[in-house]
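Novice: predicted coordinates and the sequence they were generated for:
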Amino acid sequence: MTPELTVLALAALLQMAQLALFAAVANRDLGAGYTTSPRDRPPSRQLSILAGRLQRAVTNHFEGLILFTIATLVVTLGHQSTPVTQYAAWTYLGARLLYIPAYALGLRPWRSAIWGIGFFATLTMIGAALFP
């Protein structure tokens with residue numbers, strides 16, 4: 001397995017951990033009665049600010065994970081794994097790890113800067129694979 005695929009697997013585990021964290025906070029906010037229901041009606045209570053931020057962080061990582069998955073496949077299937085692509089993959093994962101607390105705590109402008117680092121790391125992988 002290439003290092004990039006290893007990071008992709010870890011990024012998927014991170015996404016699962018994010019979902020679990022959001023679910024725990026949402027259960028606290030909305031109650032298990034609502035979160036285990038078919039949710040045919042809107043909740044009687046709203047998500048807290050923290051739960052809303054965690055939910056948006058999950059959604060943001062789904063979006064980033066799609067691009068990172070494409071980059072990883074291009075690098076791996078194109079046999080273009082290099083120290084540059086490997087470093088970029090680990091940088092992406094590090095940025096995603098930092099993004100969660102940055103978003104949850106509302107750290108401005110750091111949340112956006114961290115997102116940009118992850119995005120640039122993904123772009124670097126694709127560029128390195130296309131232009132070796």
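Specialist: Done, it's in. Numbering: from 1, shown residues only.

Novice: which SSE is immediately downstream of the lowest-mean-pLDDT helix or strand in the chain?
Specialist: Least confident helix or strand of the chain, by mean pLDDT, DSSP states H and E, is helix 32-35 with a mean of 82. Heading C-terminal from helix 32-35, the first helix or strand you meet, by DSSP states H and E, is helix 49-77.

Novice: only the C-alpha atoms, please, for the least confident helix or strand of the chain, written as PDB.
Specialist: Provided in PDB are the C-alpha atoms of helix 32-35 (Å, rounded to 0.1, in the frame of the first residue of the first chain):
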ATOM      1  CA  ALA A  32     -32.100  10.400  21.700                       C
ATOM      2  CA  GLY A  33     -35.900  10.300  21.200                       C
ATOM      3  CA  TYR A  34     -35.500  12.600  18.200                       C
ATOM      4  CA  THR A  35     -32.200  11.400  16.800                       C
END
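
Novice: who are the packing partners of it?
Specialist: The helices and strands touching helix 32-35, judged by 3 or more CB pairs under 8 Å, 6 or more residues apart in numbering; DSSP states H and E, are helix 3-30. All C-beta atoms are positioned from the backbone trio N, CA, C, and that covers glycine.

Novice: got the angle between the helix it packs on and helix 49-77?
Specialist: 160 degrees (axes from the mean of the first three to the mean of the last three CA atoms, to 10 degrees).

Novice: go through helix 3-30 and flag the buried ones.
Specialist: For helix 3-30, burial by neighbour count (16 or more other CB atoms under 10 Å) applies to 3-4, 7-8, 11, 14-15, 18, 21-22, 25-26, 29-30.

Novice: go on, stretch 34-51?
Specialist: Quick answer for stretch 34-51 (16+ other CB under 10 Å): 34, 47, 50-51.

Novice: got it, and stretch 62-75?
Specialist: Buried, per 16+ other CB under 10 Å, within stretch 62-75: 64-65, 67-68, 71-72, 74-75.
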